[in-house]
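Asks: sequence first, predicted coordinates after that:
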Amino acid sequence: MMDDKIRIDPWGSSQSTDYSSIIEQFGLNSMDGLDLPSPSRLHRRGIIFAHRGLENILQERKKGNPFGVLTGLMPSGQMHLGHSMVIDQVKWFQQQGGDVTIAVADLESNATRGVSLEQGRKIATEEYVANYAALGLDPDKTTVYFQSERNIVQRMGFQLGKRTNLSELEAIYGFDGATNLAHIQAPLVQAGDILHPQLDDYGGLRPIVVPVGVDQDPHLRLTRGLASKTNWFNLKDAKMGLQVGVSIQNENSHALGVDSNGRVDKQRQSEVFTKIVNAISNLGFSDIVSNPKHGTVNIPSATKGDKLSINMALLRLEREMGGMGLLAPSSTYHRFAVGMTGEKMSSSKPKTTLFLSDDLASVEKKIKKSFSGGQSTLEEHRRIGGNPDIDVAYQYMMYFFEEDDNYLAEINQGYRSGKILAGEMKQLCIERATEWLSDLKEKRDSTAHEVQRFFE
Ligand code: TRP
């Protein structure tokens, strides 16, 4: 069994595509059964296949309450199709009413790839944000910042570091004694990226969703764990309804009524429990059972659907009492488009992907040479048919270029039956890609004047 374990490595070059095992092994939730408002192409086609806590986002959206979206970019190479897929998702959340924050990981890029901060700034602006504008992100509802300039994310990285240790990082990332310390700091700063937008100075307490490729889940697991370890009040399922547990820690014991010598100050403790009960009864619950002796408060009539609002009330109370009050982030996970050569898509291997600024001649050349799901002879192809599931030309239309589901189903069917040949599929893809990239180039020109506004 141990041998079957999938390792997910955000820095690695291999990629598992066994998505159902990934869901099971890492405890992700499948997208089945979620009621998404106007699902995007990526949702409809099952490319976004799993999530953690997406219900929180959907619930707040439905109520008209604020929620945020966060993503980050590593300013090193050029922006390619894989990167644009994340922006598609950010845009969808933005259209659903989310505010958007984007971290430029210039510190990480500097430490792990030797890109100077100045270079990082230039790449982020000219290569990434210019394309974000062209892809349709709204500059008025998007804030892009640099890690090196937001002290709070660095400070949070430091503070949160106290809630983990090398063994945990080893278990999550497979680090060992030889691991460069920059690789240990980067995920902590990234946790700061993910968690800071909910602070009062950056939009206040609200659920934040991070759309990522599934290789980034280790970061989310770490960050969710860090957030919940700082929480003063934990909410969990009880035999009946929900139960709040008080978590006494070094930094909160005084506020929670425990003296430094461990003695409980009954008076102060009872004030704390009164505050908890008040916070919950303000939400409209009446049958609340407070048990200071056990450190618990029970809400027998509360259901699953009440979790978020109770949790947020407790986090607000924690903040009033001096804590950070951090809500664990939500996340969604997408599958990866195969690299054009059949290996993993990577900006350091230009043949594996299309860059958003590739000229049309190289686009055509890369697609013509791309990995095909066709048979080796014409006769065989007509007889057995092609395999669209591994055919780069088809896959890229599905992931990136073709909006029309019916047309896509038609060419899928045509390919499988052998009616459409591999070369013909490539030609269709070349046409669509050319159109898409030319259109994007035009938009880059017409939105160039907006780029600066993303930083304001
Ligand atoms: N580490 C990410 C990358 O390699 C970039 C990043 C930084 C990020 N902060 C983030 C991604 C926060 C998602 C959320 O591309």
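Replies: Nice, thanks for sending it over.
Asks: quick one: secondary structure of the residue in the chain that the ligand sits nearest to?
Replies: Going by Cβ to the nearest ligand atom, the ligand is nearest to residue 72 of the chain, at 2.3 Å. Where C-beta positions appear, they are placed from N, C-alpha and C, glycine not excepted. Under DSSP: H, G, I helix; E, B strand; the rest coil, the three-state class of residue 72 is strand.
Asks: spit out the contact partners of it.
Replies: Applying Cβ atoms under 8 Å, 6 or more residues apart in numbering to residue 72 gives the contacts 102-105, 190, 193.
Asks: give me the beta-bridge partners of it?
Replies: Residue 72 has the following beta-bridge partners by DSSP bridges: residue 103.
Asks: tell me the pLDDT of it.
Replies: pLDDT recorded at residue 72 is 97.
Asks: quick check: which element contains the residue sitting furthest away from the middle of the chain?
Replies: Outermost residue of the chain with respect to the C-alpha centroid, by Cα atoms, centre = their mean, is residue 379; its distance is 45.2 Å. Assessed by DSSP states H and E, residue 379 sits inside helix 378-384.
Asks: could you do residue 443 as well?
Replies: Using DSSP H and E, the element containing residue 443 is helix 422-447.
Asks: quick one on the thing from earlier: so which of the contacts of residue 72 are also by the ligand?
Replies: 103, 105, 190, 193 (Cβ under 6 Å from any ligand atom).
Asks: contact residues of this protein facing the ligand?
Replies: 70-74, 103, 105, 108, 190, 193-194, 210, 212.
Asks: could you rerun that using 8 Å?
Replies: 10, 70-74, 103, 105, 108, 147, 186, 189-190, 193-194, 210, 212, 216, 219 (Cβ under 8 Å from any ligand atom).
Asks: and those residues, which of them are buried?
Replies: 10, 70-74, 103, 105, 108, 147, 186, 189-190, 193-194, 210, 212, 216, 219 (16 or more other Cβ atoms under 10 Å).
Asks: quick one: contacts for the closest residue to residue 224 other than its chain neighbours?
Replies: The shortest distance from residue 224 to any non-neighbouring residue, by Cβ to Cβ, 6 or more residues apart in numbering, is to residue 328 (4.2 Å). Neighbouring residues of residue 328 by Cβ under 8 Å, 6+ apart: 53, 223-224, 227-228.
Asks: among the residues you listed, which are in helices?
Replies: Taking DSSP state H, the ones among the contacts of residue 328 that sit in helices are 223-224, 227-228.
Asks: can you select the buried ones from those residues in PyMOL?
Replies: To isolate the buried ones among the ones in helices among the contacts of residue 328 in PyMOL, judged by 16+ other Cβ under 10 Å, type:
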select buried, resi 223+224+227
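Asks: tabulate the ones in helices among the contacts of residue 328 in JSON lines, adding columns for pLDDT.
Replies: Shown next, in JSON lines, are the ones in helices among the contacts of residue 328 (pLDDT from 0 to 100):
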{"residue": "223", "pLDDT": "98"}
{"residue": "224", "pLDDT": "97"}
{"residue": "227", "pLDDT": "98"}
{"residue": "228", "pLDDT": "96"}
